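In: Generate coordinates for the sequence data below:
(one chain, ligands or ions: 1)
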Amino acid sequence: MNDALRVGVAGLGTVGASVLRVLSQKSDELTRQCGRPIVVAAVSARDRGRDRGVDLSGIEWFEDSAVLAREAAVDVVVELIGGEEGAALACVKAALQSGRHVVTANKALLSRHGLQLAEIAEKKGVLLNYEAAVAGGIPVIKTMREAMAGNTVSRVFGILNGTCNYILTRMEAEGISFDECLKDAQRLGYAELDPTFDIEGHDTAHKLSILTSLAFGTKIAPDDIYLEGISNITQADIRAAAELGYRIKLLGVAQKTDSGIEQRVHPTMVPTASVIAQVHGVTNAVAVETDILGELLMSGPGAGGSATASAVVGDIADIAKSRPGFQHGPVFGRPVKELQPYKRARMRSHEGGYFIRLTVHDRTGVFAAIAKRMADNDISLESIVQHANRDQSADEKTVILVTHETTEAAVRKAVEGITKDGHATTKPQVIRIERAA
Ligand SMILES: NC(=O)c1ccc[n+]([C@@H]2O[C@H](COP(=O)([O-])OP(=O)(O)OC[C@H]3O[C@@H](n4cnc5c(N)ncnc54)[C@H](OP(=O)(O)O)[C@@H]3O)[C@@H](O)[C@H]2O)c1
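Out: Numbers count the residues shown, from 1 in each chain. Below is the predicted model:
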């Protein structure tokens, strides 16, 4: 039997404790698969006295995770602290600089510092594995980095945040408001006490920025993402979507266009019959479209200790199986110097169908004025429906427009015009429609 792979785990929370549990419970099987044992030799967390439900006897404890990364007698440092700066960054940097492989589940860190960390990993000839950072247990990084060699990606998109998908699923299934769903999600532990990061799309954006780099061979560009969360989605939108044969999902989408790459996170209408529309609750999904493979969709658990630990342990096992001197694949699919600058496509040039829900004064000529604003901006309509809404006053009505393919700029101009005409009684709701098989 070969020498054991010695592992140091920094962070023993939901994911860290699960990783220790899996490594202990599956020790024999992992040894058979990897040809050598995997041994946890060092750990670090904030509170040494806390019971984590795992046996830490015989494992060296480090008060400071950066010291663990630099000085512990380990081959691999597993960073499960979280956060884009502070202890997590110090720990990963120290580990790579001292020539140790790193496994992390930290999307925030990679989105902000991934390139710099990949450069250090390349220079030191060590691995930086991060399967758990995007869509938890779904093996999307490995698939894109290794299994799709030679493919040219045209679009990658997905449901990358379980909290948002849980809320939208329940809003549709039970007809309850966004606020009620959020409160329930918090009570059940699916949403943080401060849910802003999830529901306003930031978490999805972090994951999307990593997928974009892998998909298009570009430098990570976390600040060049169009961002819209789900907090303004109402029952009226969900009901109208259902009537028109759509379901609303928060998607992260990265797409190559003639003017550059679009990175966008926003509520999206997908056809009810599409595969991605069947992804319910906290489940995640990632779809990749390429020239050789065609369309691939993977779905599965995007979070939770056990599912995330599955991805982390897979990354550790890959390192255990690798041989010294064997040249590993680059962190973001190609060497850092080969990654192209990210060229952002302007959101105004985005092309697609649009759903527009207007609440307007119920008076003569409104319908014609709306249609004229659309025509003036060369927007052709797939459907235009008006009906009285049960939550509205008697002198208001709802008008729902679904456009054929048009541009964001045209839609914004038309909606501005309608607002200027004084017909709308509330802010118009605009939701983009995404093509999905
Ligand atoms: N939870 C999920 O479902 C999930 C899914 C995918 C990815 N991730 C990612 O996995 C990572 C860990 O998430 P988690 O949910 O396990 O977090 P968590 O439960 O909050 O655990 C964080 C751990 O880090 C430790 N820690 C905090 N500051 C530290 C410091 N300065 N030095 C050393 N240890 C420190 C904490 O110590 P104490 O326990 O002593 O307080 C705790 O054990 C994050 O990057 C997260 O984004 C999580």
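
In: Do you know the pLDDT at whichever residue of the chain sits closest to the ligand?
Out: Per CB to the nearest ligand atom, G13 is where the chain lies closest to the ligand, at 1.8 Å. All C-beta spots, glycine's among them, are computed from the backbone N, C-alpha and C. Looking at G13, its pLDDT stands at 96.

In: measure the residue nearest to it when sequence neighbours are not counted to A45 for me?
Out: Leaving aside its chain neighbours, G13 sits nearest to L80 (6.8 Å; criterion: CB to CB, 6 or more residues apart in numbering). As defined by CB to CB, to the nearest Å, L80 lies at a distance of 9 Å from A45.

In: Name the residues contacting each of those two.
Out: Counting by CB atoms under 8 Å, 6 or more residues apart in numbering, the contacts common to L80 and A45 are 10-13, 16.

In: Just the buried subset of those, please.
Out: With burial judged by 16 or more other CB atoms under 10 Å, the buried subset of the shared contacts of L80 and A45 is 10-12, 16.

In: ok, residues contacting stretch 317-337?
Out: With contacts defined as CB under 8 Å, 6+ apart, stretch 317-337 is touched by 5, 30, 33-36, 38, 75-76, 101, 103, 114-115, 117-119, 121-122, 127-129, 144-146, 210, 213-214, 217, 220, 338-339.

In: which stretches of this structure have low pLDDT?
Out: Scanning the chain for pLDDT under 70 picks out 1-2, 324-328, 388-393.

In: What parts of it come near the ligand?
Out: 10-16, 44-47, 50, 65, 80-82, 87, 105-107, 132, 136, 303-304, 308 (CB under 6 Å from any ligand atom).

In: Let's see the PyMOL selection covering just the buried ones among those residues.
Out: A single PyMOL command selects the buried members of these (16+ other CB under 10 Å):
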select buried, resi 10+11+12+14+15+16+44+45+65+80+81+82+87+105+106+107+132+136+303+304+308
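
In: Among the residues of the chain next to the ligand, name the ones in helices.
Out: 14-16, 65, 87, 107, 308 (DSSP state H).

In: Closest one of the residues you listed to S383?
Out: Taking CB to CB as the measure, S383 lies nearest K107 of these, at 38.6 Å.

In: give me every residue that touches that closest one.
Out: Applying CB under 8 Å, 6+ apart, the residues near K107 are 130, 133-134, 203, 206-207, 210.

In: that older thread, any quick ChimeraX command for the buried ones out of the contacts of stretch 317-337?
Out: The ChimeraX selection below is limited to those of the contacts of stretch 317-337 classed as buried (16+ other CB under 10 Å):
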select :5,30,34,38,75,76,101,103,114,117,118,121,122,127,128,129,144,145,210,213,214,220,339
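
In: Out of the contacts of stretch 317-337, which sit inside helices?
Out: 30, 33-34, 114-115, 117-119, 121-122, 210, 213-214.

In: Can you report how many residues neighbour the residue lying closest to R346 once chain neighbours are set aside?
Out: With sequence-adjacent residues excluded and distances taken as CB to CB, 6+ apart, R346 is closest to S259, at 6.8 Å. For S259, the count of nearby residues is 12 (other CB atoms under 10 Å).
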